[in-house]
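> Sequence first, predicted coordinates after that:
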Amino acid sequence: MVPSMLLQPLVENSIKHGLSSKVEGGSIYLRSRLSSKDLVVEVEDDGVGMGAAQLLEKPNGLGGTGIGMANVAERLKVLYGDTAKMTIDSRDGKGTLVRLRLPLLQEGAGIPAALTKSVPAPAGKIPHTEG
């Protein structure tokens, strides 16, 4: 189960920083896969890439990843300690892929009850259009 407080900022970043400046729009892809050891969740966009997005944004003193990414990293640390990983692969003009690698935990093993409930979500891509 992936808490929405981890995915929401990643999707929001894709829209705000990756796709909003693309006149032709773009796509966001949400993928997940389960192995015997972990859950991998990916949020990928075909936007402008993080370097190009930073050039379009006014400097805010938050460094290269911004507050949304810093919040996700902090939440991962609080929820999973050093067992979770977040990687970012961004190419200018091609888009950004954020990959979360979360350990599989036994239900009730020190996990807050709100995080052990899962709600099915639709899969696939979410188109972005200007409107």
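In hand now; what should we look at?

> The helix or strand hosting Arg75 - what's its average pLDDT?
Here Arg75, judged by DSSP states H and E, is contained in helix 66-80. Mean pLDDT, helix 66-80: 87.

> on contacts alone, who are the packing partners of it?
Using 3 or more Cβ pairs under 8 Å, 6 or more residues apart in numbering; DSSP states H and E, the elements in contact with helix 66-80 are helix 4-13, strand 85-91, strand 95-103. (Glycine included, C-beta is placed from N, CA and C.)

> and the second one, what does it pack onto?
When contacts are defined as 3+ Cβ pairs under 8 Å, 6+ apart, strand 85-91 sits against helix 50-56, helix 66-80, strand 95-103.

> got the CA positions of the last one in PDB?
The one in question is strand 95-103. What follows is strand 95-103, C-alpha atoms only, in PDB (Å, rounded to 0.1, in the frame of the first residue of the first chain):
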ATOM      1  CA  GLY A  95      10.700  14.100 -18.900                       C
ATOM      2  CA  THR A  96      11.200  12.800 -15.400                       C
ATOM      3  CA  LEU A  97      10.900   9.400 -13.800                       C
ATOM      4  CA  VAL A  98      10.600   9.200 -10.000                       C
ATOM      5  CA  ARG A  99      10.900   5.600  -8.600                       C
ATOM      6  CA  LEU A 100       9.900   4.700  -5.000                       C
ATOM      7  CA  ARG A 101      11.100   1.300  -3.800                       C
ATOM      8  CA  LEU A 102       9.200   0.400  -0.600                       C
ATOM      9  CA  PRO A 103       9.800  -2.600   1.600                       C
END
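
> returning to what we had before: which one, of the helices and strands packed on helix 66-80, ends up nearest to Arg33?
Nearest of those to Arg33, taken as Cβ to Cβ: strand 95-103 at 10.3 Å.

> If you average pLDDT per helix and strand, which one of the protein comes out bottom?
helix 113-116 (a mean of 43; mean pLDDT, DSSP states H and E).
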